[in-house]
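K.L.:
below is the sequence, then the predicted model.
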Amino acid sequence: MIYLDSNATTQVHPRVIEAMMPFLTGHWHNPSSGYRAGREVKMAVERAREQIADWIGAKPAEIVFTGCGTESNNMAIKALAREIGRKHSKVLVSAIEHSAVLRPTDAMAAVGFEVEKVGVDSDGRLDLDGFADALNPECPGFASIMWANNETGVVQPIVEASQLAKEAGWFFHTDAIQAVGKVPVRVDEVPVDYLSISGHKFHAPKGVGALYIREGAPFEPMTRGGGQEGGRRSGTENVPYIVGLGEAAALMQEEARNGGLARVEALRDRLENALQTGLNETPDRVECNGSREHRTGNVAHVSIKGKVASELLPKLDAAGIQCSAGSACMTGKNQPSHVQKAMGYSDERAFSSLRISLSIMTTEAEVDEAVRRIIDVVKG
Ligand code: PLP
């Protein structure tokens, strides 16, 4: 099997497993316990917090560990709903957000908040003018705009959007779940108030994430209890997974420094070019979707004219290629992707799209073999 669906999830890296193992075996104590074994476990949790903070340019105290990216998004959005609810103000999201932002903000709309979806251009990038127009400084609310899209990999103008929001006195959350480990994400350079991370997108296990909360930003916890995580998420910490998350962050930081991300990008380009050469017996049969300039280096999002992705995918699976049509959460839903519809694509183009996503664990041999098999399946 050749795994090319890294935006759905990634394999846990052996180095991450090695870091986690001691905390599933000998060091299983409660980090809140006062004796030495507990204190040692607590130190491992705090070390992981420093690793995440160092990676994104935050202070360790600004990092809260969560159970997943969906929880991180919901925690930020619900905390902000309570904050702005008191002033009856507005919520802005982009039309291409993940369901983990769209559903909680839909729930806010259902109870009377004014929620506006800002569109994107045909490159899949936020309409900054529309966003600026919707930011009413008289009535500050909050905006949630993703850093990079999970389907197309298109990187959003987060610096500009967050600056506009802060100038208008708004709070700003970003779902950076598909950006971290792929493009530089630094909260000391970009004025975001809240930022969500999910471990399984960068070689940590599923079921662990983090929320960055800028010092001084309002926050209402969803869980109250023993006061863990500085009272922001009570519940005994998932120590092995938190340690894994920290190790994966350190790994990704090293990869960025050592050219690992550039290698992934070169592999993605090789795959895209080979598919175009191999399948373009009719001109423009393979179209690359979204901005070529502003995108993460690991995603090839292509439409293959005359083919339907839902029919290709089982054949690709049988040929030993695992990839997808869009987000994993949309599998089995017979609707064109809301992301591509927002980009103004026809249903036909949207239904013929494949998302092929690589990671630092993808090899050149896998890419070359995958191209051969994909071309065979498409032509077959
Ligand atoms: N946001 C984006 C952009 C995602 O790609 C995902 C995962 O697919 C999520 C949120 C949800 O993260 P998790 O699977 O950790 O709940």
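P.N.:
That came in fine, so what should we check first?

K.L.:
and the strands in the chain?
P.N.:
2-3, 63-66, 90-94, 114-118, 142-144, 171-175, 194-198, 209-213, 286-288, 299-304, 321-322, 353-357 (DSSP state E).

K.L.:
and the residue of the stretch 151-300 of the chain closest to the ligand?
P.N.:
The nearest approach of the stretch 151-300 of the chain to the ligand comes at residue 198, 3.3 Å away (CB to the nearest ligand atom). The way it works is simple: take the backbone N, C-alpha and C, and place the C-beta from them, glycine included.

K.L.:
what about the nearest residue to that residue once chain neighbours are set aside, how many neighbours?
P.N.:
Nearest residue to residue 198, sequence neighbours excluded (CB to CB, 6 or more residues apart in numbering): residue 69, at 2.9 Å. Applying other CB atoms under 10 Å, we find 26 residues neighbouring residue 69.

K.L.:
distance of whichever residue of the chain sits closest to the ligand from residue 363?
P.N.:
Using CB to the nearest ligand atom, residue 69 is the residue of the chain that sits closest to the ligand, at 2.7 Å. Distance, residue 69 to residue 363, by CB to CB, to the nearest Å: 27 Å.

K.L.:
try residue 121
P.N.:
Taking CB to CB, one finds residue 121 at 35 Å from residue 363.

K.L.:
tell me which of those two has more neighbours.
P.N.:
Counted by other CB under 10 Å, residue 121 and residue 363 do not tie: residue 121 has more neighbours, with 15 against 12.

K.L.:
so what's the more buried one up against?
P.N.:
Going by CB atoms under 8 Å, 6 or more residues apart in numbering, residue 121 touches 127, 343.

K.L.:
then residue 149?
P.N.:
96, 124, 156, 178, 290, 339.

K.L.:
can you get me a residue count around the closest residue to residue 305 other than its chain neighbours?
P.N.:
Spatial nearest neighbour of residue 305, excluding adjacent residues (CB to CB, 6+ apart): residue 285 at 4.9 Å. Per other CB under 10 Å, the neighbour tally for residue 285 reads 18.

K.L.:
ok so, going back, save the contacts of residue 149 as a markdown table, and put in pLDDT too.
P.N.:
Shown next, in a markdown table, are the contacts of residue 149 (pLDDT from 0 to 100):
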| residue | pLDDT |
| --- | --- |
| 96 | 98 |
| 124 | 98 |
| 156 | 98 |
| 178 | 98 |
| 290 | 97 |
| 339 | 97 |
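
K.L.:
which positions in the stretch 1-150 of the chain make contact with the ligand?
P.N.:
68-70, 98, 100, 146, 150 (CB under 6 Å from any ligand atom).

K.L.:
now rank these by neighbours and give me the top one.
P.N.:
residue 150 (30 neighbours).

K.L.:
excluding its backbone neighbours, what's nearest that residue?
P.N.:
Nearest residue to residue 150, sequence neighbours excluded (CB to CB, 6+ apart): residue 178, at 4.7 Å.

K.L.:
can you pull the contacts of that neighbour?
P.N.:
7, 146-150, 153, 201, 296 are the contacts of residue 178 under CB under 8 Å, 6+ apart.

K.L.:
closest to residue 42 out of those?
P.N.:
residue 201 (26.7 Å; CB to CB).

K.L.:
and for that closest one, the neighbour number?
P.N.:
Count around residue 201 with other CB under 10 Å applied: 26.

K.L.:
tell me who's in contact with it.
P.N.:
6-7, 9-10, 69, 177-178, 180-181.
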